[in-house]
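Participant: Curious how this folds, go ahead:
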Amino acid sequence: MQSVASMMFVVPEPGALIGGVYRVVGPLGSGAMGVVLLANDETLDRKVAIKFIRANLLGDGFRARFVEEARAMARVRHPNMLQIYAFGEHNGAPYFVMEFVDGTTLTQWMADNGGPLDLESAVRILGQICDGVAAIHAAHTVHRDLKPSNFIIDAEGNAHVADLGLAVLQEAEGRSREIAGTPAYMAPEVAFPDTSGPSSDPRADVYSLACTAYELLTGRTPFNASGTQAMMFQHAITQPTPPSAHREGLSPLMDAAILKALEKNPVDRTPSVQAFRAALFAAQKNIHEPERLLVAEDNDDFREVLAMALQFAFPNAALDCVADGRAALEAFDRARPSVAIIDLLMPELDGMQLTGLLRARDPEGKVPIIVLTASGGPPEWKRLSAMGADRLLVKPVVFDDVVAVIRHSLKGRAASKPPPVVA
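Facilitator: Here you go, the predicted structure:
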């Protein structure tokens, strides 16, 4: 039975004045929950978008969801996120006023461009979307409905995240077993929530972004099925085909970046939107990023700062940070790192001894060894080089230089070993 408010409410026609300020120009679009109108802000002389809840959804439950969408938008401020300006009620129906972006949805933009995007454009747009979603996550909010039709591309080709109609605070997520989102982009743990834990967290948004990335690059979603339930089961049990199978020329690194973000188990998935963004850009540039970094440094303060810099540069990498050579050797045996960064002067085993032991365990030299020193020079480098070290960096080091050496060393492993250089 319809409420009195729903029977009274009619979507405002062009020329109607909302809140005494906003003059309706005409419709912009509509979705499952709301209708969006273009209007002129007669006070500030600018165009705005006004979203109304649909008349048949004016019950208390949907009103609360509508208010939560407005609050979710208000929690976030970022250039790649639509901004909210005001909230009010018109003829018994709630509405909110938001930034108007003169553009089109990413879905339509792809169609207008004739299908899959070139790699550079796709990664640029995905990077902007990731930035916007990262801001949402920084506000302790999960979007829960990330898909191409919820991203707006403006006239300059910049992306904006829209439609937080299903967004929830992360702290509140555990109180709901709601299945929310769009099946073609829905993470398995959202489609089939486990009653022992929350149905989604920011990693569910990572999964949805990976589905979007897959579509941008291949022109198709990771899975195709005739019905909602069948689609949800595919996300839960079927392994996705590598994107390169649908688009010639995509590198194994791009396949790996997207497939890692499409892992079924959230624990195995790319841990954050920022990490997914970094993986996409590294794949575009054909940069081999490390999966695990071993840091052996006896100075606690320097070790902590170096670890922070490495984690920022390589958000997908696991870090083993130890204070002496003996612990470094044990960490190496426990889990083979992609790169070892070791101090020359350490207790237990010094950097010279440790380099020899690491190379004995890795005779093919697959793991680059970068040695840091505050006192060594050419004589030490000559010995280290003969033992198989890749670089000697003299402290104080510039962390960007350390990151560059790591990337160069990994790239060199894929081709030929880079020439030794004392920095």
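Participant: Let me see the confidence value for the residue most central in space within the chain.
Facilitator: Among the residues of the chain, the one closest to the centroid is Val273, at 1.8 Å (Cα atoms, centre = their mean). We have a pLDDT of 95 for Val273.
Participant: Distance of it relative to Gly127?
Facilitator: 10 Å (Cβ to Cβ, to the nearest Å). Where C-beta positions appear, they are placed from N, C-alpha and C, glycine not excepted.
Participant: quick one: Ala213 and Leu280 touch, right?
Facilitator: Yes: at 6.8 Å, Ala213 counts as touching Leu280 under the criterion of Cβ atoms under 8 Å.
Participant: hey, what's in contact with both of those two?
Facilitator: Leu126 (Cβ atoms under 8 Å, 6 or more residues apart in numbering).
Participant: got a list of contacts for the helix or strand where Ala404 lies?
Facilitator: Using DSSP states H and E, Ala404 sits within helix 399-414. For helix 399-414, the surrounding residues in contact (Cβ under 8 Å, 6+ apart) are 287-290, 293, 305-306, 309-310, 313-314, 338-339, 341, 366, 368, 370, 390-391, 393, 418, 423.
Participant: can you rerun that using 7 Å?
Facilitator: With contact meaning Cβ atoms under 7 Å, 6 or more residues apart in numbering, helix 399-414 is reached by 287-288, 290, 309, 313, 338-339, 366, 368, 370, 390-391, 393, 418, 423.
Participant: Nearest to His90 among those residues?
Facilitator: Ala313 (49.8 Å; Cβ to Cβ).
Participant: quick one: secondary structure of Gln128?
Facilitator: Following DSSP: H, G, I helix; E, B strand; the rest coil, Gln128 is assigned to helix.
Participant: leaving aside the residues next to it on the chain, what's closest to it?
Facilitator: Spatial nearest neighbour of Gln128, chain neighbours left out: Ala159 (4.1 Å); criterion: Cβ to Cβ, 6 or more residues apart in numbering.
Participant: Spit out the contact partners of the one you found.
Facilitator: By Cβ under 7 Å, 6+ apart, the contact list for Ala159 reads 80, 125, 128-129, 151, 153.
Participant: wait, which of those residues is closest to Lys51?
Facilitator: Of the contacts of Ala159, the one sitting nearest to Lys51 (Cβ to Cβ) turns out to be Phe151, at 16.5 Å.
Participant: Give the bridge partners for the closest one, please.
Facilitator: On the basis of DSSP bridges, Phe151 is bridged to Val161.
Participant: Now for it: which residues touch it?
Facilitator: So Phe151 contacts 105-106, 129, 159-162 (Cβ under 7 Å, 6+ apart).
Participant: pLDDT check: weakest of those residues?
Facilitator: Ala162 (90).
Participant: I'd say that residue and Asn150 touch.
Facilitator: Yes: at 5.4 Å, Ala162 counts as touching Asn150 under the criterion of Cβ atoms under 7 Å.
Participant: Which neighbours do those two have in common?
Facilitator: In contact with both Ala162 and Asn150: no residue, using Cβ under 7 Å, 6+ apart.
Participant: residues contacting Val11?
Facilitator: Taking Cβ under 7 Å, 6+ apart, we find Val11 in contact with 35, 52.
Participant: and it, what element?
Facilitator: Per DSSP H and E, there is no helix or strand for Val11.
Participant: State the pLDDT value of it.
Facilitator: pLDDT, read off for Val11, is 83.
Participant: Quick check: phi and psi at it.
Facilitator: phi -60, psi 130 (degrees, to the nearest 10).
Participant: before we move on, what about the one 5 residues further on?
Facilitator: Summarising the backbone geometry of Ala16 under the convention degrees, to the nearest 10, its torsions are phi -70, psi 150.
Participant: hang on, it packs against Tyr22?
Facilitator: No: counting by Cβ under 7 Å, Ala16 does not reach Tyr22; the two are 8.9 Å apart.
Participant: And the two? Which one has more around it.
Facilitator: Tyr22 (27 against 15; other Cβ atoms under 10 Å).
Participant: who's in contact with the more buried one?
Facilitator: Here Tyr22 is in contact with 39-41, 48, 50, 97 (criterion: Cβ under 7 Å, 6+ apart).
Participant: So which residue of the chain lies furthest out from the middle?
Facilitator: Pro379 (45.0 Å).
Participant: Check what contacts whichever helix or strand it is part of and list those residues.
Facilitator: Pro379 belongs to helix 378-387 when assigned by DSSP H and E. Applying Cβ under 7 Å, 6+ apart, the contact partners of helix 378-387 are 344, 352, 355-356, 359, 371, 373, 392, 420, 422.
Participant: Downstream of that helix, the next helix or strand is which one?
Facilitator: Following helix 378-387 toward the C-terminus (DSSP H and E): strand 391-394.
Participant: Adjacent strands (with direction) for that following strand?
Facilitator: strand 369-373 (parallel), strand 421-422 (parallel).
Participant: Among the contacts of helix 378-387, which one lies nearest to Gly61?
Facilitator: Closest to Gly61, out of all of the contacts of helix 378-387 and judged by Cβ to Cβ, is Val371, at 62.3 Å.
Participant: Report how many residues lie close to that closest one.
Facilitator: With other Cβ under 10 Å as criterion, Val371 counts 26.
Participant: pretty sure it is touching Leu344, no?
Facilitator: Yes: counting by Cβ under 7 Å, Leu344 is a contact partner of Val371 at 5.5 Å.
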